[in-house]
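**Student:** okay, structure incoming, though there's no sequence with it:
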């Protein structure tokens, strides 16, 4: 952002002397003030860029932390699984866990049919007398 300088000239004469004598001192002070404002603006822009950079770093650190927390949780689950496998192996006398094949679809259908007994209407009527 650039600052523009507006100079106003007084038309009233100064009591001590002419307006021409006072003007160079005021112009110099105005120039100093404008230079100070320009420097403050430059420093504010530098600070703003630094803040934006820090915000980007914060987002990156939070993303990294989330990823690391996920890895730690995964490692903890893996450790618990290994502990469980070790305990199961000790309980089974040092033998590795035995894999049991899954039942076939026909076996599963047979089990379901044997669990359900058909309802007989005639049997209920015969049992009344």
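**Tutor:** That came in fine, so what should we check first? Bear in mind that the values here come from a model prediction, so they are computed numbers and not experimental data.
**Student:** residue boundaries of the helices in this protein?
**Tutor:** Counting by DSSP state H, the chain has helices at residues 19-91, 105-115, 121-126.
**Student:** would a markdown table of those with mean pLDDT and mean neighbour count be doable?
**Tutor:** Placement of C-beta: from N, CA and C, glycine included. Putting these into a markdown table (pLDDT from 0 to 100; neighbours: other CB atoms under 10 Å) gives the following:
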| stretch | mean pLDDT | mean neighbour count |
| --- | --- | --- |
| helix 19-91 | 90 | 11 |
| helix 105-115 | 71 | 9 |
| helix 121-126 | 54 | 8 |
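**Student:** state the distance from residue 45 to residue 52.
**Tutor:** Using CB to CB, to the nearest Å, we find residue 45 at a distance of 11 Å from residue 52.
**Student:** again, but for residue 88
**Tutor:** For residue 88, the distance to residue 52 - CB to CB - is 54 Å.
**Student:** what do you get for residue 84?
**Tutor:** From residue 84 to residue 52 the distance is 49 Å (CB to CB).
**Student:** ok, residue 32 next?
**Tutor:** For residue 32, the distance to residue 52 - CB to CB - is 31 Å.
**Student:** now residue 39
**Tutor:** 21 Å.
**Student:** try residue 108
**Tutor:** Applying CB to CB to residue 108 and residue 52 gives a distance of 62 Å.
**Student:** likewise for residue 30?
**Tutor:** From residue 30 to residue 52 the distance is 33 Å (CB to CB).
**Student:** now do residue 85
**Tutor:** From residue 85 over to residue 52 (counting by CB to CB), the distance is 50 Å.
**Student:** next: residue 64.
**Tutor:** 19 Å.
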